[in-house]
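Trainee: Sequence plus the predicted model coming up.
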Amino acid sequence: MDDKLCERLRTAAEAYRPDRERMLARVERGMAEGPSARTPLGPLPWLRVVGATAAVCGVLAVGAYAATSAGGGQTRGGQAAVSPVPSASASAQAAPGRVPELRTEDGPLWADGAVDPHSNAYWAQSNVTLRTTQPLSSLTVELRIAQTGGVNTTGSWRSLPEQDFTVSVQEEGGFLVYRWTLKPGRTVPAGTHTFAGQYNHAEGDRSADGDYFTANAARSTGQQVSVGDNFTSDH
């Protein structure tokens, strides 16, 4: 808006054409009347227009410079608008990983996870292997398959007796989750045991980098132990 006003004033000043003959006649008349009768001449009309233009533009320029220098940015509501500086806590955003920190051994319990070598471009099986050196009075195994496209269950199995476990499969937070829970009063004997989840997936080699499992158990003494692992094979 300020630049447009200055431009309009400059245009008006440049368009002004002084009456030269009238100006000369006024000067000659003043000289003939003598110094005592002569009225002091004010600024000529075209000089007044040019002077006003320069004064207005100068004030606007100084005001804009002062506001910009004080605020470091554009003005808003008569005050300089200063851009906020983001705090360190707001700018530091760590993207949480999908796989938690896991350990493959805890007390008598050891675990491993692997994609079955018989998996193909349309179907896969993920195997969870548990080995315990002591009987377990409780056990919950969770196998999480990341939804990478077209993932849906085709079944599951375990090497331990079927009647000893409650089994469920459902979608949770972007994962297909297989869950095996030991029924109350049952016991997992010492030894090596397998839990497997089977599923279809989108055609092609599927990355299992986002898949993982956890196993939470209790010894016969009541002490809690937990293990887990992630899958890194591509099928």
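Mentor: Nice, I can see it.
Trainee: next SSE after the helix or strand of the chain with the lowest mean pLDDT?
Mentor: Within the chain, no helix or strand scores below helix 88-91, which has a mean of 31 by mean pLDDT, DSSP states H and E. Using DSSP states H and E, the next helix or strand after helix 88-91 towards the C-terminus is strand 105-106.
Trainee: any idea of the mean pLDDT in that next one?
Mentor: Averaged across strand 105-106, pLDDT comes to 95.
Trainee: Give the pairing partners of that strand; include direction for each.
Mentor: strand 109-115 (antiparallel) (DSSP bridges).
Trainee: Just the CA atoms of the partner strand, as CSV, please.
Mentor: Taking C-alpha atoms only, strand 109-115 is exported to CSV below (Å, rounded to 0.1, in the frame of the first residue of the first chain):
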residue,chain,number,x,y,z
LEU,A,109,14.2,-69.8,28.9
TRP,A,110,15.7,-69.3,25.4
ALA,A,111,13.9,-68.2,22.2
ASP,A,112,14.5,-67.8,18.5
GLY,A,113,12.4,-66.6,15.5
ALA,A,114,12.7,-67.5,11.9
VAL,A,115,10.7,-67.5,8.6
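Trainee: which residues touch Pro135?
Mentor: By C-beta atoms under 8 Å, 6 or more residues apart in numbering, the residues touching Pro135 are 187-190, 219-220. (Glycine included, C-beta is placed from N, CA and C.)
Trainee: And the furthest pair within those?
Mentor: Pro189 and Arg219 (12.5 Å; C-beta to C-beta).
Trainee: Report the buried members of the contacts of Pro135.
Mentor: Neighbour-count burial (16 or more other C-beta atoms under 10 Å) applied to these gives 188, 219.
Trainee: If we only consider the contacts of Pro135, which is nearest to Ala196?
Mentor: Among the contacts of Pro135, Val188 lies closest to Ala196 (C-beta to C-beta), at 16.3 Å.
Trainee: before we move on, what SS does Glu7 have?
Mentor: helix (DSSP: H, G, I helix; E, B strand; the rest coil).
Trainee: Number of residues surrounding it?
Mentor: Residues near Glu7, counting by other C-beta atoms under 10 Å, number 11.
Trainee: now swap in Thr129 and tell me
Mentor: Neighbour count of Thr129, defined by other C-beta under 10 Å: 17.
Trainee: ok, and the closest non-adjacent residue to it?
Mentor: Excluding its sequence neighbours, the residue lying closest to Thr129 (C-beta to C-beta, 6 or more residues apart in numbering) is Asp112, at 4.6 Å.
Trainee: hang on, isn't the one you found packed against Thr104?
Mentor: Yes - look at Asp112 against Thr104 with C-beta atoms under 8 Å: they come within range, at 6.4 Å.
Trainee: list the residues that contact both of those two?
Mentor: With contacts defined as C-beta under 8 Å, 6+ apart, the residues shared by Asp112 and Thr104 are Asp229.
Trainee: Is Trp110 bridged to anything, and to what?
Mentor: Beta-bridge partners of Trp110, as defined by DSSP bridges: Glu105, Arg131.
Trainee: What segments of the protein are helices?
Mentor: 2-15, 20-33, 45-71, 88-91 (DSSP state H).
Trainee: mean pLDDT for those: which is lowest?
Mentor: Lowest mean pLDDT of these: helix 88-91, a mean of 31.
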